[in-house]
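Chemist: Here is my input, please return the structure:
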Amino acid sequence: MSVTNLRPNIDHWSERVDMAAAFRWTARLNMHEAVANHFSLAVNDDGTQFLMNPNQAHFSRIRASDLLLLDANDPEVMSQPGAPDPTAWGLHGSIHRHCPHARCVMHVHSIFATVLASLADSTLPPIDQNTATFYNRYVIDQEFGGLAFENEGERCAGMLTDPKKKVMIMGNHGVLIIGSDPADTFNRLYYFERAAETYIRALQTGLPLRVLSDEIAEKTAKELDDYPDQAEAHLREIKAILDTEGSDYAS
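Modeler: Here you go, the predicted model:
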């Protein structure tokens, strides 16, 4: 029986609340694309059932109860009323179908990550602590093929086979982040945008870059991989701010 549910509901409530907070904060930081871009979160063991934002909903208004519950293996999803955005289904559906380690998937066209993705060389050199965080931990997609309908989504999913590489710099497109849960994934998204901004602004000076050695870059990345509780604290504080402001994100 299909689990596809295109109506608001309260299944997986704590996960919904965390996702809604991430949507709201992404909008707050101007890392969103209005009613485009999508976040998704697997809610079953093999990762094929997932929550995702509804079609054409602005990130700044998404509530926990708005999220769709979808089945990546349900061929009828796009023919039902209230179906998700077809490019979101193509990209996120493909990843949740083929990459069980990608529990949470966040895709945005944030400014600095997209500038990086638009350079002929989209490598992110380790020039500070934030850029070093991603040393040897990303893949660069250099084969942009247009909007992420199912064929393009399947191609992108095929590039996420290495669980160590949790960032896809999508050439000519944007960035896609995977992680274990909303806190882990949003924290990575936040710091990748910060890292990209540092690099782009450093390039704008026209001066030589102070690039870390491979050894120190890997050491720093490993230390940050193992750094305790930062992602959880980050999302917890975001929710506390939203709660203090009286936000309806958790409704």
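
Chemist: Below-threshold pLDDT in the stretch 1-150 of the chain: ranges please.
Modeler: 1-9 (pLDDT under 70).

Chemist: Can you show me the helices along it?
Modeler: For the stretch 1-150 of the chain, the helices defined by DSSP state H, counting those that start in this stretch cover 13-28, 86-88, 94-98, 111-118, 129-133, 150-157.

Chemist: who's the residue most central in space within the chain bridged to?
Modeler: Centroid check for the chain by CA atoms, centre = their mean gives Met106 as the closest residue, at 1.7 Å. On the basis of DSSP bridges, Met106 is bridged to Phe39, Ile177.

Chemist: For it, list the residues it contacts.
Modeler: Going by CB atoms under 8 Å, 6 or more residues apart in numbering, Met106 touches 22, 26, 39, 176-179, 185-186, 189. In short, each C-beta sits where N, CA and C put it, glycine included.

Chemist: What helices and strands are in contact with the helix ranked longest in the chain?
Modeler: Longest helix of the chain, by residue count under DSSP state H: helix 182-204. Using 3 or more CB pairs under 8 Å, 6 or more residues apart in numbering; DSSP states H and E as the contact criterion, the elements in contact with helix 182-204 are helix 13-28, strand 38-42, strand 104-108, helix 111-118, helix 129-133, strand 174-179, helix 230-244.

Chemist: What's the local residue count around the nearest residue to Met168 once chain neighbours are set aside?
Modeler: Leaving out its chain neighbours, the residue that sits closest to Met168 by CB to CB, 6 or more residues apart in numbering is Leu176, at 4.3 Å. Using other CB atoms under 10 Å as the criterion, Leu176 is surrounded by 27 other residues.

Chemist: how near is Leu176 to Ser79?
Modeler: The gap separating Leu176 from Ser79 is 26 Å, by CB to CB, to the nearest Å.

Chemist: Alright, calling it a day.
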